[in-house]
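Asker: here is a sequence with its predicted model. Questions after.
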Amino acid sequence: MFKKGKNLLNKNEPFFKKIYCLKNHCEKISQNFAFFLSGSFDKLFRSFGVKTQ
């Protein structure tokens, strides 16, 4: 039983790796997007003469 489960995991390993990579990739994108957004708001507020810091 245990051996069968291990084989199943090994067979699906690339699949799990893909999901893991995708998850990391999405996290990177959302971090960059949040960074980009905060930068945009910063510029927007500055153009209105509002100090963000």
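Answerer: Looks like it arrived, so ask away.
Asker: C-alpha only now, for contacts and for neighbours.
Answerer: Will do.
Asker: low pLDDT regions in the protein?
Answerer: Residues of the chain meeting the criterion pLDDT under 70: 1-9, 50-53.
Asker: could you pull out the helices in it for me?
Answerer: 2-11, 13-47 (DSSP state H).
Asker: tally of neighbours for F15?
Answerer: 12 (other C-alpha atoms under 10 Å).
Asker: now it: how far from L22?
Answerer: Remark: distance between F15 and L22 (C-alpha to C-alpha, to the nearest Å) = 11 Å.
Asker: distance of the residue most central in space within the chain relative to F45?
Answerer: The residue lying closest to the centre of the chain (C-alpha atoms, centre = their mean) is E27, at 0.9 Å. When distance is defined by C-alpha to C-alpha, E27 is 27 Å away from F45.
Asker: roughly how far does F35 sit from K11?
Answerer: As judged by C-alpha to C-alpha, F35 and K11 stand 38 Å apart.
Asker: whoops, I mixed them up, N32
Answerer: 34 Å.
Asker: with L44 instead?
Answerer: Taken as C-alpha to C-alpha, the span from L44 to K11 is 51 Å.
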